[in-house]
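1. Structural data only, the sequence is not supplied:
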């Protein structure tokens, strides 16, 4: 084995370490969030009424966990697709990836803020912080995609699906959306408006992203969950084979 082959094996091993470290952060963050969902110890000797009240008080935290789980899963899937075309890494990519993981690691803290401030949604700093994390992740993910495009020959394999995997035509919209969302949050907080406008804003932006993605990358559009689950259960229609005519010969006397 020559020095060039040894260097390639070393780079491949180090790249695997980067990917495994990133996956570990995602897994740990999801685990921390679900561990934080627990009933108070006083419920052990409580009656049915107090148990019901404890479950109701826990509901905002559980809803926040379900939403955060789906968001983290979506960001992880995008991260997986990006790193599937890598053949090398550099210091710049490591820094961007660490910044991405930093914002991912803030999800448990933001979920706890939502649980505390859920009753006062109009002036909830928890919701502002939560949506700020989502917007920051979208921006950093876009920066990472842009970085891979600029350093394509150095970092990425020569794949025909390069543009289809990175979805740059969709990702670059975040460069505009991020400052707009930040300004919207500042205005809402300054004038003490209802935070529901931010929810509607994110929903509207998600709809726009879906339409753009459907136009440029129709094969990447996610199918409904029920379709994905029931798809394998559908029986494939087998082609009807034409019955062969069997000619019988009769002996004539």
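-> Alright, I've got the coordinates. On a predicted model such as this, the values are computed, not experimentally measured, just so you know.

2. Torsion angles phi and psi at residue 90?
-> In terms of degrees, to the nearest 10, the main-chain angles of residue 90 are phi -140, psi -180.

3. neighbours around it, how many?
-> Residues near residue 90, counting by other C-beta atoms under 10 Å, number 11. Heads up, the C-betas are built off the backbone N, CA and C, glycines and all.

4. ranges for the helices of the chain?
-> 3-35, 48-83, 91-105, 107-117, 125-150, 152-155, 162-166, 168-171, 174-190, 196-216, 225-230 (DSSP state H).

5. which helices and strands does the first one pack with?
-> The helices and strands touching helix 3-35, judged by 3 or more C-beta pairs under 8 Å, 6 or more residues apart in numbering; DSSP states H and E, are helix 48-83, helix 91-105, helix 107-117.

6. and the first one, what does it pack onto?
-> Which is helix 48-83. Here helix 48-83 touches helix 3-35, helix 91-105, helix 107-117, helix 125-150, helix 162-166, going by 3+ C-beta pairs under 8 Å, 6+ apart.

7. Relative to the whole chain's centre, how far out is it?
-> In terms of C-alpha atoms, centre = their mean, to the nearest Å, the centre of helix 48-83 is found 13 Å from the chain centre.

8. Which pLDDT value goes with the nearest residue to residue 175 once chain neighbours are set aside?
-> Spatially, and ignoring its direct neighbours in sequence, residue 175 is nearest to residue 142 (6.3 Å; C-beta to C-beta, 6 or more residues apart in numbering). Looking at residue 142, its pLDDT is 94.

9. mind checking how far residue 142 is from residue 74?
-> 14 Å (C-beta to C-beta, to the nearest Å).

10. out of the two, which sits in the busier spot?
-> In this view residue 142 and residue 74 are compared by other C-beta under 10 Å, and residue 142 has more residues nearby, 19 against 12.

11. didn't the more buried one look like it was pressed against residue 176?
-> No: Residue 142 is beyond contact range of residue 176, at 10.2 Å (criterion: C-beta atoms under 8 Å).

12. Where does pLDDT dip in the stretch 101-250 of the chain?
-> Scanning the stretch 101-250 of the chain for pLDDT under 70 picks out 117-124, 222-250.

13. For residue 36, grab phi and psi.
-> Torsion angles at residue 36 (phi, psi; degrees, to the nearest 10) stand at phi -70, psi -10.

14. quick one: it from residue 45, how far?
-> Computed as C-beta to C-beta, the residue 36 to residue 45 distance reads 23 Å.

15. Between these two, which is the more surrounded one?
-> The neighbour count for residue 36 versus residue 45, taken as other C-beta under 10 Å, is higher for residue 36 (14 against 7).
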